[in-house]
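Colleague: This is a predicted model, with the sequence first.
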Amino acid sequence: AQTVTQSQPEMSVQEAETVTLSCTYDTSESDYYLFWYKQPPSRQMILVIRQEAYKQQNATENRFSVNFQKAAKSFSLKISDSQLGDAAMYFCAYQKGGGSQGNLIFGKGTKLSVKP
Amino acid sequence: DGGITQSPKYLFRKEGQNVTLSCEQNLNHDAMYWYRQDPGQGLRLIYYSQIVNDFQKGDIAEGYSVSREKKESFPLTVTSAQKNPTAFYLCASSINQVMDNQPQHFGDGTRLSIL
């Protein structure tokens, strides 16, 4: 069975600094997708970034980028120039590929605090 | 604006009572999902539906039921068989595109508590 592990329950970063959130996963599939979602205190889940496993290039969305290491099954999220609004729970998620629209498997999350 | 609307925001259930959580989307998405979130946990899939009149069980379907009579709507019923229903429930939807997983978009959630 596929699993997603986020080993950092909490992280803290100074405003304008850079922080990296860790995520590892376990799967025997070769076709899959990985996601980072942000959940602010409002509790809505917001998509941060998406990575296709067959793409070697790391996904980037403005200040957010990933370090995707397929062989190591690692998918870390780097937040550059951290802002107060980045404070939230961050969830790493895995989904089997091939158009299967079920089974988005989530890690337990990392709570990120941003210090002014 | 297009989006996913969940209602109510807060819901209370008495012992032995069934309650229904509403989820409506105007994104024209084919696929819809229900997740449960417990404190300190990630989201766990309850049910999902890829098309109208069809749905599949997720990892924790026991004690829950769903229907998908319209594309826009995917209500979740928490039955009396669910002995620990207190949780935060999130509905999501996505484009159902063969061979290319599209990201899921989420509603604002419903918090269910037992009286």
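Modeller: Now that the structure is in, tell me what you want to look at. Values in this document were obtained by computation on a predicted structure and should not be read as measured data. Numbers count the residues shown, from 1 in each chain, chains lettered A, B, ... in the order given.
Colleague: show me the residues around residue 19 that make contact.
Modeller: I went with chain A, as the question did not name one. The contact partners of A:V19, taken as Cβ atoms under 8 Å, 6 or more residues apart in numbering or on different chains, are A:11, A:13, A:78-79, A:82, A:112. Bear in mind the C-beta positions are built from the backbone N, C-alpha and C, glycine included.
Colleague: wait, chain B
Modeller: Residues near B:V19 by Cβ under 8 Å, 6+ apart: B:11, B:13, B:77-78, B:85, B:112.
Colleague: In strands only, show me those.
Modeller: B:11, B:13, B:77-78, B:112 (DSSP state E).
Colleague: sec struct for A:G85, please.
Modeller: Three-state call for A:G85 (DSSP: H, G, I helix; E, B strand; the rest coil): helix.
Colleague: tally of neighbours for it?
Modeller: For A:G85, the neighbour count with other Cβ atoms under 10 Å in any protein chain shown is 9.
Colleague: May I see the ChimeraX selection of the buried members of the contacts of B:V19?
Modeller: Buried residues within these, by 16 or more other Cβ atoms under 10 Å in any protein chain shown, are selected in ChimeraX with:
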select /B:11,13,78,85,112
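Colleague: Could you point out which of the contacts of B:V19 is nearest to chain A?
Modeller: B:L112 (13.0 Å; Cβ to the nearest Cβ).
Colleague: Does residue 55 fall in a helix, a strand, or a coil region?
Modeller: Defaulting to chain A. Three-state call for A:K55 (three-state DSSP): coil.
Colleague: do the same with B:F55
Modeller: Following three-state DSSP, we place B:F55 in the strand state.
Colleague: Pull the distance from stretch A:59-70 to the chain's centre.
Modeller: Relative to its chain's centre, stretch A:59-70 lies at 9 Å (Cα atoms, centre = their mean, to the nearest Å).
Colleague: My error: substitute stretch B:57-69 in the last question.
Modeller: 8 Å.
Colleague: List phi and psi for the residue sitting nearest the centre point of chain B.
Modeller: For chain B, B:W34 is the residue whose C-alpha lies nearest the centre (Cα atoms, centre = their mean; 2.6 Å). Here is the backbone geometry of B:W34 (degrees, to the nearest 10): phi -130, psi 130.
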